[in-house]
Every structure is written in C-alpha cells, then in structure tokens.
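Student: got a predicted model here, sequence first, then my questions.
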Amino acid sequence: MTLGPVLVFDSGVGGLSVVAALRGRLPGAALAYVCDNAMLPYGLREDAWLVRRILAVCEAAVAASGCVALVVACNTASTLALDALRERLRIPVVGTVPAIKPAAAHSRSRHIGLLATSATVSRPYTQHLIETYAADCVVRRVAADALVREAERRLAGEPSDPGVIEAALAPLWEDPELDTVVLGCTHFPLLRDALAAAAPRAVAWVDSSDAIARRTAQVAAGVTLAAGPGPSLATAPDPALAAALARFGFAAPRPLVID
C-alpha cells in the first residue's frame, strides 16, 4: 500500500488559495506544496519554455514529496501543460481552469469579466471555455499580471498597493452592465477583500477553488492518502515565502533541485 500526500503546485503562493477548500474536502489528509517562485511569474513567459519547465518542476516535486496525486493550482500551467503532465506522470493530475461556467450561471446581466494573466486571457483553451459555457455573455478579458506580485507581497506581510489594484481593475468598469468577475488566476482570491474594496460597485467574484477541491476529493477516493502535514518545496526558498506558507500551516520550504 502506497501512502503519500496530495501535492499542490503553483508558480508562487497562488495555490494556497485552494488549500482551505482542499482541507475542507479532505480533512486530515496530508497536503504538500511546491512553488516555482524562482521563475515567477509564469504568465509572461514563452509557451514552449513553460511546458519544459513545468514538467521538470513537477517531476522533481513528485519524486521529492512521494505524493499520490498532483493538483496543478495554476491556470497558466493547466491550460498549457496539463495533458503533457498526465502523459508523463503515473499519478492522478487535477488541473485548474478559469471559472467561466459558474460565472455565466451566476450572472444576471450576462456581462462578465475575466481577470487573469496575459497567458490565460489569450489562450485558445480559454476561448473554448467562453464559447462553450458563456456564448450568450459579453466577456471582458483583462490581463492583470501585476496582481500576481501584489498577492505575493501580501502573503509576505507587505501591504497591498491600492494604486496597482485599481489600475489592474479599471478596464472592467468600462462595461457598466458587468456584474460578475472570474478570478482566473489562483493568486487573485488572496486579494479578494482588496479587489472588492477597489471596485466602484458591488460585483460577484468567482474562483475555481471549490471545483478543484471537489475534483481532488473524487480522485483521492482511488488512492491512499497519508495523514498529517506534508512537506513544502520551492525552487527559491526565502524568509518571505516561509512566512506565507506558515500562514497556511506549512513548514518552511526545502529547496527543490531541478535536473
């Protein structure tokens, strides 16, 4: 019988936004965390390079953690490298996609916003989601790469910059009928209160954390999970990252060596 944790992977601390939902669905199960913060942010990097990097980091982290399932808690990585990861790894892999479907179901005005990284807003996979689940909606896509750094700063204990947040959100408010916003990067829910405070009117903020947790629980039914805390790993460990991970119950990260 193989025992191991569920490994959560992200380019930085964004994957921590799904940890609470995962723990709610898998109480007592060990969660491990790995981030490739040495190469943050992913959303601005070239696709072919990213695929190679994501495969290398995830393979090394799976081996180092002894995990029995992998959650790719990164929209950019999922929309780009999910199929390649499933082909390469021998464990179940759960991906993350922008919550277009639940946002379209929630919106009454049929005007929704997609707040994500440059890579995610322009990805053909994202267009397919819109065509499939929000064909009757007006979808305003906004690349907000600066918010990734704001989330990283916040979890490191630094204050958010209201000016950066307001500037990132500004294109959304050009549509006066917009009533729902998809947080299409797992970093962004970590800023939910700051985003709401910067909004000129009330809108619904929708993310994919619950959907990720539900799918992971389904996958976990077919594997044997270890109990208790799991390890954390990073390609560039530092005190700020350790402080962010500690807020979610993880020990200071060990260095992850990439071949």
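Tutor: Okay, I see it.
Student: tell me which element residue 24 falls in.
Tutor: Residue 24 is part of helix 19-25, with elements assigned from DSSP states H and E.
Student: what about that helix, average pLDDT?
Tutor: The average pLDDT for helix 19-25 rounds to 93.
Student: what comes into contact with the helix or strand that that helix is followed by?
Tutor: As assigned by DSSP H and E, the chain's next helix or strand after helix 19-25 is strand 31-35. Here strand 31-35 makes contact (Cβ atoms under 8 Å, 6 or more residues apart in numbering) with 5-13, 15-16, 19, 22-23, 57-58, 61, 65, 67, 229-235, 241, 245, 248, 250, 253, 256. No exception for glycine: its C-beta is placed from N, CA and C like everyone else's.
Student: buried set for the next helix or strand after strand 31-35?
Tutor: Going down the chain from strand 31-35, the next helix or strand is helix 47-65, by DSSP H and E. For helix 47-65, the neighbour count (16 or more other Cβ atoms under 10 Å) marks 50, 51, 53, 54, 55, 57, 58, 60, 61, 62, 64, 65 as buried.
Student: of the residues you listed, which is the nearest to residue 186?
Tutor: residue 54 (14.5 Å; Cβ to Cβ).
Student: mind checking pLDDT for the closest one?
Tutor: 96.
Student: so what's it up against?
Tutor: Contacts of residue 54 by Cβ under 8 Å, 6+ apart are 36, 77, 80, 81, 84, 85.
Student: just the ones of those residues in helices?
Tutor: When these are checked against helices (DSSP state H), the matches are 77, 80, 81, 84, 85.
Student: any idea which of those the model trusts least?
Tutor: Of all of the ones in helices among the contacts of residue 54, residue 80 carries the lowest confidence score, 87.
Student: would you check how far apart the closest residue to residue 222 other than its chain neighbours and residue 223 are?
Tutor: In space, and not counting its chain neighbours, residue 222 is closest to residue 92: 7.2 Å by Cβ to Cβ, 6 or more residues apart in numbering. In this view, residue 92 and residue 223 are 7 Å apart by Cβ to Cβ, to the nearest Å.
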